[in-house]
Structures are given as structure tokens and as C-alpha cells.
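1. prediction below, plus the sequence it came from.
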Amino acid sequence: VASAANYFRLEMAAVPENVGLARLAVATFAANLDFSVPEVEELKVAVSEAVSNAVIHAYPTEPGRVVVQCRAVAGGVLVEVADEGIGIEDLDEARKPSVSSDPERMGLGFVFMESFSDEFHVESAPGKGTRVRMLKRVAEAGRATGAS
Ligand SMILES: Nc1ncnc2c1ncn2[C@@H]1O[C@H](COP(=O)(O)OP(=O)(O)OP(=O)(O)O)[C@@H](O)[C@H]1O
Ligand SMILES: [Mg+2]
């Protein structure tokens, strides 16, 4: 069983080729906890959506960074994705399904993040940045019962 004090912090350029890196890092971390394969898949989607938002929306003019942090907590994992970009003016509106500042997009990123996590928080300040926090719990049914 993995150490309860385990964590990592990954600071990256907010560029598309790093989305896969973040997804793989979180999936590898979660796989060392007691998450089931479908739960890890859900985490991968949630992290991809959060990092993609930092890549696509946060830095319209100059390249910036995104920091992904992951921490093992009792019964699950805490994932935080933070950027220092333009932020979101109306967060309540942005979180609604099908709301996007880009007509080419689905506007479903926040919906996926929320539905694939057990606790979901977003903080955003215009001109300062956006921080998403997600807690994913290991489902009782999927948890290994024996010592390993
Ligand atoms: N990190 C961010 N920085 C700035 N704006 C953001 C950020 N994340 C989200 N937003 C704003 O919130 C809106 C909704 O985000 P959401 O991820 O739900 O949809 P989307 O990214 O537009 O579309 P999709 O995720 O389906 O491709 C975005 O269109 C964007 O305007
Ligand atoms: Mg999105």
C-alpha cells in the first residue's frame, strides 16, 4: 500500500503537448493507491480537462505555466491544477454545461471535472488565474481488501 504522505508537484509550460504528461503523472500516482481502473480513467479525464483549460484559455497573449499537484489523502487523492492566466469573470456562468467563450468548443470541461470527482472547487480571479481542486475517493467496492 502506498505511503499516505505521498505527493508530487509538476510545473509545466501551458502547452498542448504537456496535457498528456499531466494525465500520465496523475494516472500513475493514482494507480499506486487503491483506485480501480475505471476510477483512474475518470481522474485522467478530469485532469486533462483542467490542464487543457489552462492551455487553451488561460494565456491568450503570452505563454504561461500550469502547476499540477497531487496528494494522497485518507481514502483518496487530492488533485490541484493552477494557472496564473486571465482568470474567469463569471465562474457560475462558465461552469454551466454548454457555456464556452469559444463557439467551436463544447463547454463541457467543468461538467466532466465535477462529475468525475467527489468534491470539486474552482477559484478564479480575473487577471490573476484559476485554480481547480478535485478530490477523488476510492470507492469501497473497488478497494482491495487483503494486505498487499
Ligand atoms: N483556466 C482557465 N482560464 C481562463 N478561462 C477559463 C479557464 N478554464 C475555463 N475557462 C473559461 O470557462 C469556460 C468553460 O470551460 P469548460 O472547460 O467548461 O468549457 P470549454 O473549455 O470552453 O470547452 P471544452 O472543455 O468542452 O472543450 C471556457 O470557455 C473559458 O472561457
Ligand atoms: Mg475546457
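-> Yep, it's here. Numbering: from 1, shown residues only. Ligands and ions are numbered 1, 2, ... in the order given.
2. flag every residue of the chain that's near ligand 2.
-> For the chain, the contact set with ligand 2 under C-beta under 5 Å from the ion comprises 53, 109. Heads up, the C-betas are built off the backbone N, CA and C, glycines and all.
3. what does the chain put close to ligand 1?
-> 49, 53-54, 56-58, 83, 85-88, 94, 99-102, 105-110, 130 (C-beta under 6 Å from any ligand atom).
4. run the last query once more with 5 Å
-> Proximity of the chain to ligand 1, by C-beta under 5 Å from any ligand atom, involves residues 53-54, 57-58, 85, 88, 94, 100-101, 105-110, 130.
5. of those residues, buried ones?
-> 53, 54, 57, 58, 85, 88, 94, 100, 107, 109, 110, 130 (16 or more other C-beta atoms under 10 Å).
6. gap between stretch 66-81 and the chain center?
-> 8 Å (C-alpha atoms, centre = their mean, to the nearest Å).
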